[in-house]
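[1] my questions are about this predicted structure, shown below with the sequence.
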Amino acid sequence: MIRSTLIISLVLVLINTIAQGQINEILSRPTDHSVTLNVVFNDSTEFFCEYALAGETKMMYTDTLFTFRKNVGEMVIEGLNKDSEYIYRTAYRKVNSGNFQYGEYHHFHTQRSRESSFTFVIEADPHPYDKKCYHPLWEIALDNQMADKPDFMIDMGDTFGDDHNPFTITQEEINQLHLDNREYFGRVCHSVPLFFCLGNHEGESGYYLLQTPPENLGVWGTLSRKLYYPNPFPDDFYTGNSNREEYGMDYPENYYAWEWGDALFVVLDAYRYYTANAKPRNWDWTIGKDQYDWLKQTLEQSNASFKFVFMHQIMGENRGGALLAKGYEWGGYDKDGTKWTFTENRPGWEMPIHPLMVKNKVNIFFEGHSHLYAQEEVDGIIYQTVPMPSDSSYQLGVMENADAYTGTILKGSGHLRVEVTTEKVTVDFVNAVLPKDETDSFKNGDVSFSYSIDNAGSISSVSEVKEINVNPALKIYPNPSREQVCISFSMKKEGHATFRIYDASGKLIALWVEINLKTGDNMVVWDAKRKNGRAVKPGTYICSISRDDVVLTEKIVFVE
């Protein structure tokens, strides 16, 4: 089993809450006349919604529907007015069992007109299935997004973690991984419709889809994602993947586009169309000819003033933005950037993806994957890497992946807030900060960096970079932990350091030396079982790092 005891306990809390009469609601697929409501109950349930225009008292009612597989219910609330805010609440009862109960009132907005302003939010790589995620911080980041009053949220993937045991995971485990996150998205997405962009750890790749179908990670992941997190499919409002797939997957809802206000939104799938291996690079990676042709048509046919493209990462298993823009399917050149081989490698394609975006005046390409904030510019396009919302070290991505990026690179955890008007787009990096980590210069909700793009394509900084002080001499996370911790620290010069771990009585339980440490930020992973040959007992321990005449110490708490 790949989910942690913490996640299991959180799911039990969710199930118990639902059993006591609560529901978990997520909105999706907002249009100019409708929105889709997806609800999870603990039993077979019948339900309906009452709704009204915001500020009015006349209520309208949907038909009563029943839940289907896994006690999930889904309905479309339709016949709505354009560019309007609505309130709604869900009525529900166990099938043929007494009176209806009512959920809380929530709200949503239908498609904005070209003349309207609006806000949307973006998060990436919450990683709730592994040690990179500190769940209380993700909750803070989600609450910050709710406070922005956005029309919708775009999650950039690496959210479900299906691929960590790709050939041994079961369908039921995949379903549980998707259900695990309903507690978190349910904090916000009852009023902020969710759009999902597939990450590499969702496991829905062409490679996995070919492994003993339909009993494989790709098929199971697609079915579970669609059950709990509906995405758009082609209709009279959205365009997208119109190919219907086997084994019940039907429309895979993996890439799609729509317009909102004076902006075009295009969400791409980086994974479904490569088959060579699980981690493709260079020319082995592709978005596929069908998706490419659809992307080309979508960009060319839109006359929106602003155009945004979203994809979890460029070119398969590579990290980076601007430094990758000239390569392979994305830019047409081989590794050295001088040999053009696009024509022979992609016969029938008009041009690589980056020149296609330049030609069609894409303003921002958003990606995740590297767990940091990086804002870069290439040929008039902003390559914007979205930070994690749940990294309690506030610097994991910068320490591991900063070398792959140029431009403005920032530490911190949080989300992006994007405000769109008819004149400009403004992008803010909103920090999520735990209460214990707040200082006068580093507070939850602070904006570390902000920039704007006007409707002529000119880019300007709205604020100076706010370099947050999130690098104390020694920081350990997660803390409390169960067995493995990350130890981050700063070195004034390169070299080695000695690490010691003491228990509460002062007994030395681990001693080792790390060599080849670099000047500046460093990170070392200490696995108590690996270093000691046994797991540590629950309790308080002291980590000590010594180098020359400098000694750094910090407390570690291990729990069951």
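    Okay, I see it.

[2] low-confidence ranges in the stretch 351-500 of the chain?
    Where the stretch 351-500 of the chain drops to pLDDT under 70, the residues are 464, 466-473.

[3] try 50
    471 (pLDDT under 50).

[4] and the strands in it?
    Taking DSSP state E, counting those that start in this stretch to define them, one finds strands in the stretch 351-500 of the chain at 364-367, 373-378, 381-385, 408-410, 414-420, 424-431, 447-454, 459-461, 474-477, 484-491, 495-503.

[5] burial count for Glu245?
    Neighbourhood size, Glu245 [other C-beta atoms under 10 Å]: 16. Where you see a C-beta, it was placed from the backbone N, CA and C, and this is true even at glycine.

[6] same thing with Glu123?
    Counted with other C-beta under 10 Å, residues neighbouring Glu123 total 27.

[7] repeat for Glu300
    A count of nearby residues for Glu300, using other C-beta under 10 Å, gives 11.

[8] name the element it belongs to?
    helix 289-301 (DSSP states H and E).

[9] can you give me the buried ones in that helix?
    For helix 289-301, burial by neighbour count (16 or more other C-beta atoms under 10 Å) applies to Gln291, Tyr292, Trp294, Leu295, Lys296, Thr298, Leu299.

[10] from these, which is closest to Ala52?
    The nearest member of the buried residues of helix 289-301 to Ala52, counting by C-beta to C-beta, is Thr298 at 34.6 Å.

[11] pairing partners for the closest residue in space to the closest one that isn't next to it in sequence in the sheet, please.
    Using C-beta to C-beta, 6 or more residues apart in numbering and skipping residues adjacent in sequence, the residue nearest Thr298 is Ala257, 4.8 Å away. Beta bridges link Ala257 to Thr239, Val266, judged by DSSP bridges.

[12] do Val76 as well
    Beta-bridge partners, per DSSP bridges, of Val76: Thr36.

[13] the residue nearest to Thr298 and Tyr207, how far apart?
    Distance check for Ala257 against Tyr207: by C-beta to C-beta, to the nearest Å, it reads 25 Å.

[14] settle it for me: which of those two has more neighbours?
    Neighbour count, other C-beta under 10 Å: between Ala257 and Tyr207, Ala257 has more, with 25 against 21.

[15] right, and the more buried one touches Pro234 too?
    No: Ala257 lies out of contact with Pro234 (C-beta atoms under 8 Å); the separation is 9.8 Å.

[16] which neighbours do those two share?
    Gly240 (C-beta atoms under 8 Å, 6 or more residues apart in numbering).

[17] and the residue nearest to Thr540 when sequence neighbours are not counted, what is it in contact with?
    Leaving aside its sequence neighbours, Thr540 sits nearest to Ala504 (C-beta to C-beta, 6+ apart; 5.0 Å). Ala504 makes contacts with Gly539, Thr540, Tyr541, as judged by C-beta under 8 Å, 6+ apart.

[18] show me where the stretch 251-400 of the chain has helices.
    289-301, 328-331, 342-345, 353-359, 396-401 (DSSP state H, counting those that start in this stretch).

[19] out of these, which is closest to Met156?
    For these, the distance to Met156 is smallest for helix 396-401, at 13.1 Å, taking C-beta to C-beta.

[20] and for that closest one, what's in contact with it?
    Residues outside helix 396-401 that contact it (C-beta under 8 Å, 6+ apart) are 132, 319, 370-372, 387-388, 391, 409-411, 486, 488, 521-523.

[21] cool, stretch 87-96 as well?
    Here stretch 87-96 has contacts from 23, 25, 37, 39, 41, 43-52, 54, 66, 77, 99-108, using C-beta under 8 Å, 6+ apart.

[22] so Asp548 versus Glu376, what's the distance?
    For Asp548, the distance to Glu376 - C-beta to C-beta - is 38 Å.

[23] repeat for Met388
    Per C-beta to C-beta, Met388 is found 18 Å from Glu376.

[24] Glu423 too?
    24 Å.

[25] more neighbours: which of those two?
    Legend: neighbour count by other C-beta under 10 Å for Glu423 and Glu376, higher for Glu376 (20 against 12).

[26] list the contacts of the more buried one.
    Gly321, Ala322, Ile382, Tyr383, Gln384, Thr385, Tyr405, Thr406, Gly407, Thr408.

[27] before we move on, back to that, adding pLDDT, write the buried residues of helix 289-301 out as CSV.
    Formatted as CSV, the buried residues of helix 289-301 follow (pLDDT from 0 to 100):
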residue, pLDDT
Gln291, 98
Tyr292, 98
Trp294, 98
Leu295, 98
Lys296, 98
Thr298, 98
Leu299, 98
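
[28] distance to Asn81 added to the residues you listed, as TSV?
    As requested, the buried residues of helix 289-301 are arranged in TSV below (distance: C-beta to C-beta, whole Å):
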residue	distance to Asn81
Gln291	34
Tyr292	37
Trp294	30
Leu295	32
Lys296	34
Thr298	27
Leu299	30
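
[29] going by distance to Glu329, which of these wins?
    Checking the buried residues of helix 289-301 against Glu329 with C-beta to C-beta, the nearest one is Tyr292 at 8.5 Å.

[30] isn't the closest one up against Trp349?
    Yes: look at Tyr292 against Trp349 with C-beta under 8 Å: they come within range, at 6.1 Å.

[31] neighbouring contacts of stretch 346-354?
    286-287, 289, 292, 295-296, 325-326, 328-332, 342, 356, 359, 378-379, 381.

[32] could you break this protein into its assigned domains?
    Annotated domains of the chain cover 31-109, 118-461, 474-558 [automatic domain parsing].

[33] most packed of those domains?
    Stretch with highest mean neighbour count among the domains of the chain: domain 118-461 (a mean of 20; mean count of other C-beta atoms under 10 Å).

[34] first to last residue in it, what's the distance?
    Using C-alpha to C-alpha, to the nearest Å, the end-to-end distance of domain 118-461 comes to 20 Å.

[35] please renumber the chain so that the first residue is 300 from this point on.
    Shifting the count to begin at 300 puts that one at domain 417-760.

[36] now do it: distance to the chain's middle.
    7 Å (C-alpha atoms, centre = their mean, to the nearest Å).

[37] again, but for stretch 800-818
    On the basis of C-alpha atoms, centre = their mean, stretch 800-818 sits 35 Å off its chain's mean C-alpha point.
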